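Novice: sequence? don't have it. structure:
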């Protein structure tokens, strides 16, 4: 198989390019193929960390294993309208989507398709990908890239903490501090995340900042900012101080139709994009009733 590198794969490492094109071949076999000459760039053997250049010719001599092209999902007109209404920003590079709670982002775990597959079909663009994820129960802004080049740029920004994100959070109880920070170590154990006071193997340092927006009778509306992006970070840290997020059935108490955690603000310096959504009406209603 022969590939001529275009703008989508320019500056991508050779091993990552092959991983994308040959998902059914293990990474070990890909590395072995590179070492033994089953992969050649411009007629020569190359290193796995070689960054591909525009117009490079990559020849691959694997016996099968090519990534099968997925057929776009078929979505009804009413689903298309829902997608349109939830797109809060779009240009030639980026699409920012306001996810409703309990919507899944990707197919799997019993779901034939998620938001990602629906938008790929809507845009007729198989290279579309979300670059950040939020839990199924969490609502709010998620960032999508329309090309692999943009996805790499945004992924780098996320790693470097150059994209700012803020959340509205409705918690149980009234907090005394108008502003506070939580710094702890989070560790994944089976299907949950636990908080530990000091470093343990597998634990990652996690910081979050909060400020009070408004008080209810038995609850508080906070705005939270992530200093690190760990799984379930806000949920675990708040629950462990006795202020679980209302509707968090994993780390909190009681049952609710939704979890009151909403990603309302995103700032992408690289592209001069800033989105700030208002407090959802469900949050205000719950705040007034508690």
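Specialist: Sure thing, it's come through. What you see is a predicted model, and the numbers here were worked out from it, not measured in a lab.

Novice: residue boundaries of the helices in the stretch 51-200 of the chain?
Specialist: Ranges of helices in the stretch 51-200 of the chain, per DSSP state H, counting those that start in this stretch, are 77-86, 115-123, 148-159.

Novice: Point out the most buried one among these.
Specialist: Among the helices of the stretch 51-200 of the chain, helix 115-123 has the highest mean neighbour count (mean count of other CB atoms under 10 Å), at a mean of 20. In this view, the C-beta of every residue, glycine as well, is placed from N, C-alpha and C.

Novice: Report the angle between that helix and helix 77-86.
Specialist: Orientation check (axes from the mean of the first three to the mean of the last three CA atoms, to 10 degrees): helix 115-123 against helix 77-86 gives 100 degrees.

Novice: Next, the buried residues of stretch 179-188.
Specialist: The neighbour-count check on stretch 179-188 (16 or more other CB atoms under 10 Å) flags 182, 184, 185, 186, 187 as buried.

Novice: Next one, pLDDT for the second one please.
Specialist: What the model reports for residue 184 is a pLDDT of 90.

Novice: can you tell me how far residue 137 sits from residue 249?
Specialist: Residue 137 sits 8 Å away from residue 249, going by CB to CB, to the nearest Å.

Novice: returning to what we had before: turn the helices of the stretch 51-200 of the chain into TSV, columns for distance to residue 37 and mean pLDDT.
Specialist: Listed next are those as TSV, based on distance: least, CB to CB, whole Å; pLDDT from 0 to 100:
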stretch	distance to residue 37	mean pLDDT
helix 77-86	46	87
helix 115-123	36	90
helix 148-159	27	90
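
Novice: Strands of the stretch 151-290 of the chain, start to end?
Specialist: All strands of the stretch 151-290 of the chain, identified by DSSP state E, counting those that start in this stretch, fall at 163-172, 179-189, 192-196, 204-215, 219-226, 261-268, 273-276.

Novice: Those: lowest mean pLDDT?
Specialist: Note on the strands of the stretch 151-290 of the chain: strand 192-196 shows the lowest mean pLDDT, a mean of 88.

Novice: any idea which helix or strand carries residue 35?
Specialist: helix 27-36 (DSSP states H and E).

Novice: repeat for residue 48
Specialist: Taking DSSP H and E as the definition, residue 48 sits outside all helices and strands.

Novice: The helices of the stretch 51-200 of the chain: which one's closest to residue 223?
Specialist: helix 148-159 (20.1 Å; CB to CB).

Novice: Which residues outside that closest one are in contact with it?
Specialist: 7-12, 93-94, 127, 129, 131-132, 143, 145, 163, 229, 268-270 (CB atoms under 8 Å, 6 or more residues apart in numbering).

Novice: Just the buried residues of these.
Specialist: 9, 10, 12, 93, 94, 129, 131, 132, 143, 145, 163, 268.
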